[in-house]
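Peer 1: Next one to model:
(one chain, ligands or ions: 1)
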Amino acid sequence: MNTQSYHKRRAEIAHYFDHTATEAWSRLTSNSPVSHIRRTVRAGRDTMRAILLERMGTDLSGLRVLDAGCGTGALSVEAARRGAEVLAIDISPKLIALAQERAPATFNGGSIEFRVGDMLDASLGSFDHVVAMDSLIHYRTDDAVAALAGLARNCRASIQFTFAPSTPMLELMHAVGRWFPRGNRAPAIVPVRETALAASIAREPMLAAWSQGRSQHVKSGFYQSQAYEIVKR
Ligand SMILES: C[S@@+](CC[C@H](N)C(=O)[O-])C[C@H]1O[C@@H](n2cnc3c(N)ncnc32)[C@H](O)[C@@H]1O
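Peer 2: This next block holds a predicted model:
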């Protein structure tokens, strides 16, 4: 992946998660008390995590999983508990430090290696499953699809990921956000139309050996996300 827009957006995301939002993100992904709105987001994200894990299987013994954009590592921990050998990578050093601090010392069979870096780094090795929960939602759709193509190069079975489904409210927020200076605001979430995403995946030559799999909507208060998957034929 070499596009300017991907690198620019990745830098904004890194700054946001490593500086502006580290504390808020740490709280949201813990059991600490949060506002009602954030409780709904937390509940939606718990549901989403369970769906993505379920799709990979209850027994992941002997399988390698890339948690691409692992944040504070909740999904990595669950995958390792199911026996997976997990590589948990994130561009935010602070979130990786937090994830390491929170992870249990041992798992029954599984393991986690934490790493600071880009999920598309070609040196990460190969994986049975890649999971990108809410970590592609800030990228333009063409960049997200190019990222999927990059991830697919080193993946044997499935890529589980989420996107923010287009709704009138999200489209409006996205349009309005473009008229204001960015400053320390959260990087915009890009609304995605599922048909456009599917067409874009179908057009990507590097995904020619992949089929589109299940798609499931999760809505909980302010959290709206779509669990999507592509599977190797
Ligand atoms: C909304 S958070 C989700 C974190 C985690 N997947 C979860 O669901 O709790 C998005 C994460 O993706 C990471 N991220 C975004 N782009 C990335 C990239 N190109 N490589 C690695 N991590 C990335 C961010 O730093 C951030 O921690």
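Peer 1: Quick check: residues of the protein near the ligand?
Peer 2: Contacts of the chain with the ligand, taken as CB under 6 Å from any ligand atom, map to 10, 13-14, 17, 29, 69-71, 74, 89-92, 95, 118-119, 133-135. Every residue, glycine included, has its C-beta placed from N, CA and C.
Peer 1: what sits up against the biggest helix by length in the chain?
Peer 2: When every helix of the chain is counted residue by residue (DSSP state H), the longest turns out to be helix 36-56. Residues outside helix 36-56 that contact it (CB atoms under 8 Å, 6 or more residues apart in numbering) are 27-29, 34, 63, 65, 74-75, 78-79, 82, 84, 129, 131, 133-134, 158, 160, 162, 213-214, 216, 218-225, 227, 229.
Peer 1: roughly how far out does stretch 51-59 sit from the chain middle?
Peer 2: 15 Å (CA atoms, centre = their mean, to the nearest Å).
Peer 1: Can you mark which positions in it are buried?
Peer 2: 51-53, 55-57 (16 or more other CB atoms under 10 Å).
Peer 1: Which of the residues you listed sits closest to the ligand?
Peer 2: Proximity of these to the ligand (CB to the nearest ligand atom) peaks at residue 52, which lies at 9.0 Å.
Peer 1: Please name the nearest non-neighbouring residue to the closest one.
Peer 2: Sequence neighbours aside, residue 160 is the residue nearest to residue 52 in space, at 4.6 Å (criterion: CB to CB, 6 or more residues apart in numbering).
Peer 1: from the buried residues of stretch 51-59, which two are the most distant?
Peer 2: Largest separation among these by CB to CB: 51 and 57, giving 12.7 Å.
Peer 1: anything in contact with each of the two?
Peer 2: What both residue 51 and residue 57 touch, as defined by CB under 8 Å, 6+ apart, is an empty set.
Peer 1: residue boundaries of the strands in this structure?
Peer 2: With DSSP state E as the criterion, the chain has strands at 64-68, 85-90, 111-116, 127-132, 155-165, 191-192, 210-220, 223-232.
Peer 1: Show me the beta-bridge partners of residue 192.
Peer 2: residue 165 (DSSP bridges).
Peer 1: for this structure, which spans come out with low pLDDT?
Peer 2: Per-residue confidence for the chain (pLDDT under 70) gives these ranges: 1-2, 174-185.
Peer 1: now do 90
Peer 2: 1-3, 108, 166-188, 222 (pLDDT under 90).
Peer 1: before we move on, back to that, need the buried ones from the residues of the chain next to the ligand selected in PyMOL.
Peer 2: Of the residues of the chain next to the ligand, the buried ones can be selected in PyMOL as follows, counting by 16+ other CB under 10 Å:
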select buried, resi 10+13+14+17+29+69+70+71+74+89+90+91+92+95+118+119+133+134+135
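Peer 1: Can you flag which of the residues of the chain next to the ligand belong to helices?
Peer 2: Using DSSP H, the subset of those located in helices is 10, 13-14, 74, 95.
Peer 1: Can you name the residues that contact the nearest residue to residue 163 once chain neighbours are set aside?
Peer 2: Nearest residue to residue 163 in three dimensions, chain neighbours excluded: residue 192, at 4.3 Å (CB to CB, 6+ apart). Residue 192 makes contacts with 141, 144, 163-166, 226, as judged by CB under 8 Å, 6+ apart.
Peer 1: for residue 186, same thing?
Peer 2: Residues near residue 186 by CB under 8 Å, 6+ apart: 16, 20-21.
Peer 1: ditto for residue 209
Peer 2: Going by CB under 8 Å, 6+ apart, the list of residues near residue 209 reads 232-233.
Peer 1: And it, how close does it get to the ligand?
Peer 2: 23 Å (CB to the nearest ligand atom, to the nearest Å).
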